[in-house]
Each structure stands twice: as structure tokens, then as C-alpha cells.
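1. Dropping the sequence and predicted coords here.
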Amino acid sequence: MFPRPASALAALALWLGLATPAAAETRDCPAPGQWLSGDGAPVADDALLGAMAQRRVLLLGERHDRPDHHRWQLHTLAGLLALHPKLMIGLEMLPREAQPALDAWVAGELGEAEFLAASHWYRHWGLDPDLYWPILHFARLHRVPLVALNVSRALRHRLSREGWNRVPLAERFGITAPAPASPAYRHELEDSFSEHGFDLDDEAKATFVAAQLVWDRAMASGLAQAAEGDGLVVGLMGSRHLAGGHGVPHQLADLGIPDAAVLLPQDAAAACDPMPRGQADGFFVMATSLDDTAPAPRRLGIRLGPGPYDMVVQAVAADSVAAASGLREGDRLVSAAGRPLDAPGALLALLDDMLPGTALPLVVERDGRRRELLARFPAP
């Protein structure tokens, strides 16, 4: 699974500045709630949103675990809907197979619990759905179509390991092979995975980059298909897929949409510093507080595989909860807290409910025998 919130590209969104502290104090720093153009100049709300409403595709970045990022996305969507009645919202969070569930949700045919089950939310995404309910309810209230942009882990696994030529076009939803990654994007992707404590050899790095290109191309293809009409398609996804024109914008250009716009949230603490050129078409200055950052989800620090739904430990990060519990490479996770584990999503759902200072009983299979382990999550 690609490491989502703590990736190198998500960290890039902080845009560490070059000004000295004394120089920053003398600058007129943008206030929270201010829109900035791509070069950091203040711009009026109506001017920026009016220009964005003229595009075919608009991409809004996020750090997945930041509630304030999702509130900003919601407010931006509301402004755009007032300017463009044919709004559509594309979601990184769910694969093509979840489209019927999204359609039923917008039509008012499913409750929240039913939607989570029908979309297999925890299997495909795993993050707390509370972060996304306001946007989902906005779409339902205004009957704004929701579009599943992603593909399943199983398909990403096939395409990145077997190659595009070995997977028939019909089995990959008509998605064509991606444009190659730039050297800069490839380097950023490799660094993002290394930061999680996993060492990759050259073959593993190539597979990892290939999987990310599948992800980017799938979302770009979904956006391009939705943009064939006269509507405005707004894609919601992690900032790492957008910053610097890499990722999804690069793939959209290859698909014939070179003018897709990118808007990113920017913490006020970094907004005084010069903006690196080419990162985005606009920034929204965010006021941050302790309440604006969701508690870090509990994670074991393991990589599962070899297939997308397999529960065999492929790697254990150093100094992780998993390492302290005695989990080893080759262990197969059988159950957690007495519940069978048939896919990574089942484990993620349990981990999201864990609190600091608690422990999760695990049963693993090792060398043909089952063993009981205890994963302890340290108190703050």
C-alpha cells in the first residue's frame, strides 16, 4: 500500500521558505482565509473561483488526515457550484467498482452504514469516513454526481507487476498506459517510501513507481472521461498526486487536457515564504490549530503482500509497533482482537479504533504454527 499522509510529497506542501526569521517578520504575510495565485500574490475569491469555474478539470489537494483540508474543499466546492451548475466531484478514495454505491448514495438510497458496506470503504481506503461525510452529504444534498476515480489494489497490482500489455483493455476499464514519470517525480516517490523505514532494492523501487503511475493514470483517465461533457469536474486527492505538475496533471496533459488547474491548501506559518514556482495555480491560506489535525491513526509499521489482499508480512519497519511486538517478515496475520483478517482493510478498520496506550491482540501463523502476539501502542 502506498504510504499516504506522511509521504515526501505531502511534506512538500509545507514549502519550507528561504527567508530568515527577521525578514519574515517584516513581510506582509497573507492572512488565513486569503487566496493566493500560483506565484503567491493575493487574489480575490471571486476572481480566482471565477477563473477556476472556466476549466474543464480542477484538482483540489489534501492531506488525508487533516479535517480542515476537507472543510476547505467543501467550501470551495460550494463556491464552484454557485458558478457552475454542472459540477461533478471525482474521488481518489474509491475504485471504479464502487461507482454503483456512489450513485445510490447521491440518489438518497443508502444510509451511512449501508454506503460504507456497499462501497467497501475500509477495504479500499481505510481512513476514518468522518473526514469525508460533510463532502459526501454536500453531494447528496445538491445531487452532485460523485465519480470513483481509482482502481482496486488488485488491478494496480496486476498492471504494475505484470505490465499493461498483459491486462486486456476491457479488464482495466479502458485505461491506457501512463506517460513516463519525470526523473524528479521518480526521485520524490522513492524518497517518500524510504522515509517510512523500508529499504527498497532497484527492482522494488521500479515496481513501486510503476504502481504509483497506475494510480495517477487511473485517476487522470476517470477525470478525462467525466470531462467529456460540458460540466466542471473537481477531483479530490492527496497533494502528492498534484504538486509541481507531476502525477495526475502530467497524465491529464498526456490525455489531451493540458490546462487542468491545481489548488492546494497552505499553512499560514509557511505562507510568508516565497512560493516555489510551478507548484500549483493557487493556494488557500489555512489557520492551523491542534483541533485542525486529526489524531495520527494507529499503524503497526508493516507492509503486507505479496498480493493486494494478502495478509503476509513482507517488511517490518524499524522501531515500529510491529517490531516491538515480535512480528516478523513471513508471518501471516490470522486475526486481530478475535476478528478474522481477510484483507488489509479489515485490519485498518480495527487500527482506526485503537487509542494511545492500548494494545491489540494478534494471532499470526509462523512456520506452520499459530502464535499470539500483543501490539502495544504507546501513550503520548
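-> Perfect, thanks for sending it.
2. Return the distance of stretch 271-291 from the chain's centre.
-> 18 Å (Cα atoms, centre = their mean, to the nearest Å).
3. Which positions within that stretch qualify as buried?
-> 271-273, 275-276, 279-286 (16 or more other Cβ atoms under 10 Å). Heads up, the C-betas are built off the backbone N, CA and C, glycines and all.
4. Spatially, which two of those residues are the most separated?
-> With Cβ to Cβ as the measure, no two of those lie farther apart than C272 and D281, at 20.3 Å.
5. from the buried residues of stretch 271-291, which ones fall inside strands?
-> G282, F283, F284, V285, M286 (DSSP state E).
6. from those residues, which is closest to R71?
-> M286 (9.4 Å).
7. who's the closest one bridged to?
-> Note on M286: beta-bridge partners by DSSP bridges are D267.
8. what's the distance between it and R63?
-> 10 Å (Cβ to Cβ, to the nearest Å).
9. Tell me which residues touch V248, please.
-> L59, D216, M219, A220, L223, G235, M237, H241, L242, A260 (Cβ atoms under 8 Å, 6 or more residues apart in numbering).
10. would Y185 count as being in a strand?
-> No - using DSSP: H, G, I helix; E, B strand; the rest coil, the assignment for Y185 is helix, not a strand.
11. mind listing what it touches?
-> G244, H246, G247, H250.
12. Of the residues you listed - the most surrounded one?
-> Among the contacts of Y185, G247 has the most neighbours (other Cβ atoms under 10 Å), with 30 neighbours.
13. Report pLDDT for that one.
-> Note on G247: pLDDT of 95.
14. Just give the number of residues close to the nearest residue to it once chain neighbours are set aside.
-> In this structure, G247 finds its nearest non-sequential neighbour in H241, 4.0 Å apart by Cβ to Cβ, 6 or more residues apart in numbering. With neighbours defined by other Cβ under 10 Å, the count for H241 comes to 25.
15. Please shift the residue numbers so they start at 38 in all later answers.
-> Sounds good: first residue 38 from here, last item H278.
16. can you list the weak-confidence ranges in this structure?
-> 38-64, 230-237, 326-334, 345-346 (pLDDT under 70).
17. got the domain boundaries for it?
-> Domain assignment of the chain by automatic domain parsing yields the ranges 45-329, 339-413.
18. tell me the most buried of those?
-> domain 45-329 (a mean of 18; mean count of other Cβ atoms under 10 Å).
19. Could I get the full set of strands for the stretch 138-287 of the chain?
-> Counting by DSSP state E, counting those that start in this stretch, one finds strands in the stretch 138-287 of the chain at the ranges 183-187, 269-275.
20. would you list the ones you listed in JSON lines and tack on distance to R198?
-> Shown next, in JSON lines, are the strands of the stretch 138-287 of the chain (distance: least, Cβ to Cβ, whole Å):
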{"stretch": "strand 183-187", "distance to R198": "18"}
{"stretch": "strand 269-275", "distance to R198": "23"}
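21. Of those strands, which is nearest G70?
-> Taking Cβ to Cβ, strand 269-275 is the member of these nearest to G70, at 20.2 Å.
22. At which residues are the helices of this structure located?
-> For the chain, the helices defined by DSSP state H cover 45-49, 58-63, 82-89, 104-120, 136-143, 149-156, 158-161, 170-179, 190-199, 220-231, 239-263, 284-291, 358-362, 381-389.
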